[in-house]
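1. Here is my input; please provide its structure:
(one chain, ligands or ions: 1)
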Amino acid sequence: MRGRFPHVLTGVLAGLAILVSAGGARAQVAPCQTNADIWAGQGFANAISLYSLEWAPFGATEWGWETYLPLIQHELRTHCGAGTPIFASHLAAFQQTHDLAPTGLFDSATFQVFRGVWQERRSFIMARLAGECPEPPPINQLGYLVEAEEHADRLTRLLRRDVLAAYRRMAAEARAQVPEIAADPELLQIFSGFRDPEADAARCAQQGNCDGLRRAICSPHRTGTAVDLYVGRLPGSGVDSTAPASRAHMSQGAAYRWLVENAGRFGFTPYVYEPWHWEYVEPWREPSAP
Ligand SMILES: [Zn+2]
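-> Residues are numbered from 1 along each chain as shown. Sure, this is the predicted structure:
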């Protein structure tokens, strides 16, 4: 747990403070502490499991679920922390809506429902489930990135033109809104866009790395609508390392958090397992409050 312990302690202390003050100055409770008399216990439990839950959402064992908290908070339409009564009550409402027991407690079954909701927004995945593999776009629909948009670790430098235009609007707004993103030109640079299926298959065979064969058989990057964005990296790890510590690090960064909140307005939808991978679908309506 290392440096994480202070976070756990903070959450626990916040939970205790709520329990202690639950009957007291209710008129002055912060917005995230509303309904503490009902949901404080669940918040307390979530604050602990956020860092200590042992589970394997993608096959390998992970501890805690902080990596997924930004996407979950966005889906629940709350900025309240995982240890708060409001987060627990929104989670319970989500569970109720999706035919789960409305415990207000984060668990693996609830996560799998979130994951399904997010996957359904990826039109590429829905096509794959229908047994299709979308054709690459005609070459004249592809546009080149400019140098400032290319990450040093890039594989490719092409995107479908409309997707490139949406990316440019999105990156410009992120830099205008968040000084931390503007200060680091690497953030939101692209390290993979359109990938030619034949070149992908050749690379897979040559490197013996077929990413579970997905890359070789039918990668979303063949459409020119999938983009891998630099969202930071754990020192010593790759820009696309799926190691739990790598993904946890990326998910707490300013770039990823901004994307979770805002990318949908520009037509991009996330892939929960890869914080860097975003797919252009179309600008979509934000989910309504539960
Ligand atoms: Zn990707």
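2. what's around residue 248, how many residues?
-> 19 (other C-beta atoms under 10 Å). Quick note: C-beta positions are derived from backbone N, CA and C, even for glycine.
3. Test for you: state the pLDDT assigned to the residue lying closest to it once chain neighbours are set aside.
-> Of all residues not flanking residue 248 in the chain, residue 67 sits nearest, at 4.6 Å (C-beta to C-beta, 6 or more residues apart in numbering). Residue 67 is assigned a pLDDT of 98 by the prediction.
4. now the one 3 residues further on
-> In the prediction, the pLDDT value recorded for residue 70 is 98.
5. And it, how close does it get to the ion?
-> Computed as C-beta to the ion, to the nearest Å, the residue 70 to the ion distance reads 18 Å.
6. Surely that residue is within a helix?
-> Yes - assigned with DSSP: H, G, I helix; E, B strand; the rest coil, residue 70 falls within a helix.
7. residues near it, how many?
-> Neighbourhood size, residue 70 [other C-beta under 10 Å]: 20.
8. Surely it touches residue 253?
-> No - with contact defined as C-beta atoms under 8 Å, residue 70 and residue 253 do not form a contacting pair (9.9 Å).
9. Domain parsing of this structure, as residue ranges.
-> 2-120, 123-280 (automatic domain parsing).
10. looking at the ones you listed, which one has the lowest mean pLDDT?
-> Among these, domain 2-120 carries the lowest mean pLDDT (a mean of 86).
11. quick one: that domain to chain centroid distance?
-> Between the centre of domain 2-120 and the centre of its host chain there is 16 Å, according to C-alpha atoms, centre = their mean, to the nearest Å.
12. again with stretch 127-140
-> Relative to its chain's centre, stretch 127-140 lies at 24 Å (C-alpha atoms, centre = their mean).
13. cool, stretch 184-196 as well?
-> With C-alpha atoms, centre = their mean, you get 17 Å for stretch 184-196.
14. Would you mind listing the buried residues in that stretch?
-> 184, 186, 187, 188, 189, 190, 191, 192, 193, 194, 195, 196 (16 or more other C-beta atoms under 10 Å).
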